[in-house]
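> sequence first, then the predicted structure, then my questions.
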Amino acid sequence: MSDADALIAALRRRGWTLGVAESLTGGAVSAELVSVPGASNALLGAIVAYATPVKNSVLGVDQELLDAHGPVHPQVAAQMADGVRHAVQVAGHPADVGISTTGIAGPDSPDGQPVGTVHIGVVTPLALSVRSFVFDGDREQVRRSSVNAAIAAALELVRE
């Protein structure tokens, strides 16, 4: 069973719903989850907030944080994960779980951080986790590693 299958199953067991906010992964986390039969029982929706202003206007990431640190920062990942829960709410009820990805896939770094720098946020009703990585490889390898790490991080918190 893949981590995506296991995450959807764990969400369903708990009766939890999910929202996903992606930047560098550009929808790949959502696509991986949607490939699982029955994902619609847990995944409410996803937002690709690729442009920095969208992180603020749609996901509610603090503008002062973005101005001070840019979009590739652990606290940005945390706020994206929390913000997507509200952005995909249904009938006034936010998603129980939010996952976010933000980072630099390359080939160049716009702000001097190493290419491959990635922050993944996960928020559940019980916990908040941000994991930071510097993945090796080209743009596609960094993005693939980010997808795998995001799903694994969420699975770890949801499975507990």
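On my side now, so go ahead. Numbers count the residues shown, from 1 in each chain.

> isn't residue 99 right up against residue 120?
Yes. Residue 99 lies in contact with residue 120 (CB atoms under 8 Å); the separation is 7.4 Å. Any C-beta I mention is one placed from the backbone N, CA and C, and that applies to glycine too.

> between those two, which contacts overlap?
Jointly contacting residue 99 and residue 120 under the rule CB atoms under 8 Å, 6 or more residues apart in numbering are 150, 153.

> if the residue nearest to the spatial centre of the chain is in a bridge, with which residues?
Against the mean C-alpha coordinate of the chain, by CA atoms, centre = their mean, the closest residue is residue 100 at 1.7 Å. For residue 100, the beta-bridge partners under DSSP bridges are residue 21, residue 121.

> scan this structure for its longest helix.
Assignment by DSSP state H gives helix 139-159 as the longest helix of the chain.

> coming back round to it: let me see the contact set for the residue nearest to the centre of the chain.
So residue 100 contacts 20-23, 77-78, 80-81, 84, 120-122, 150 (CB under 8 Å, 6+ apart).

> and the helices in the protein?
For the chain, the helices defined by DSSP H cover 3-14, 28-34, 52-57, 63-69, 74-87, 139-159.

> check which helices and strands the last one is in contact with.
Judged by 3 or more CB pairs under 8 Å, 6 or more residues apart in numbering; DSSP states H and E, helix 139-159 is in contact with helix 3-14, helix 28-34, strand 97-103, strand 117-123, strand 128-134.

> in CSV: the ones you listed, plus distance to residue 43 and mean pLDDT.
Formatted as CSV, these follow (distance: least, CB to CB, whole Å; pLDDT from 0 to 100):
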stretch, distance to residue 43, mean pLDDT
helix 3-14, 8, 98
helix 28-34, 5, 98
strand 97-103, 10, 98
strand 117-123, 14, 98
strand 128-134, 19, 98
